[in-house]
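Enquirer: A predicted structure for the sequence below; I have some questions about it.
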Amino acid sequence: MSELTITPEMTMEAILAVAPAALRALFQRYHVGGCNACGFQPEDTLAQVAKDHNILDINDMIRTIVTAQELDSQAQVEPAAVRQWLAEGLDFSFVDVRVPEERESGEVPGAEVLDYNDQGKYMGLPKQRRIVFICQDGGRSLDVASYFLGHKFTDVLCVKGGVEAWAASA
């Protein structure tokens, strides 16, 4: 990944365009951006958001955003790689986290549909097991992958671009 540059003068809209992980990272670290009480406007600068939320160390905010974006990039895998792993018969868990309405467009060959009634069964998998998540566009599966990484799983990925990229690469 190229060096990501975030400055205090950048608008949140510009930051989210180059670092979509910023939204989740700022909410997790500072409780910024997740609800009406802690929200911001797209035209607000990072400096303004820091001031509005009494965050004194803007450099820490920037490091948080850059680190989150780098981690998100590392957690994504191209559809072609997953197809190759499936073709080679590699042992890993491939989990479709789309909601039922999204799955109406078709199944993903080789993927197990997430059992929303027993989501905990995945937490019982060995922490070093490779788990690959896929959703419609890559957003939800990245959130799920981040959740698992936060629970000390070490080989968790999501399909970059989700089912949309999966279908386009077929």
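Expert: On my side now, so go ahead. Since we're looking at a predicted model, the values are computed, not measured.
Enquirer: Which residues are in contact with the residue nearest the centre of the chain?
Expert: Centroid check for the chain by C-alpha atoms, centre = their mean gives Leu142 as the closest residue, at 2.6 Å. Counting by C-beta atoms under 8 Å, 6 or more residues apart in numbering, Leu142 makes contact with 72, 75-76, 158. Placement of C-beta: from N, CA and C, glycine included.
Enquirer: how about the strands in this protein?
Expert: For the chain, the strands defined by DSSP state E occupy 76-77, 93-96, 112-113, 131-134, 156-159.
Enquirer: Which one of these lies nearest to Thr45?
Expert: strand 76-77 (28.2 Å; C-beta to C-beta).
Enquirer: Let me know the pLDDT of Arg63.
Expert: Note for Arg63: predicted pLDDT of 95.
Enquirer: Roughly how far does it sit from Ala25?
Expert: Going from Arg63 to Ala25 by C-beta to C-beta, to the nearest Å gives 10 Å.
Enquirer: Between those two, which is the more surrounded one?
Expert: Shown here are Arg63 and Ala25; by other C-beta atoms under 10 Å, Ala25 has more neighbours (24 against 14).
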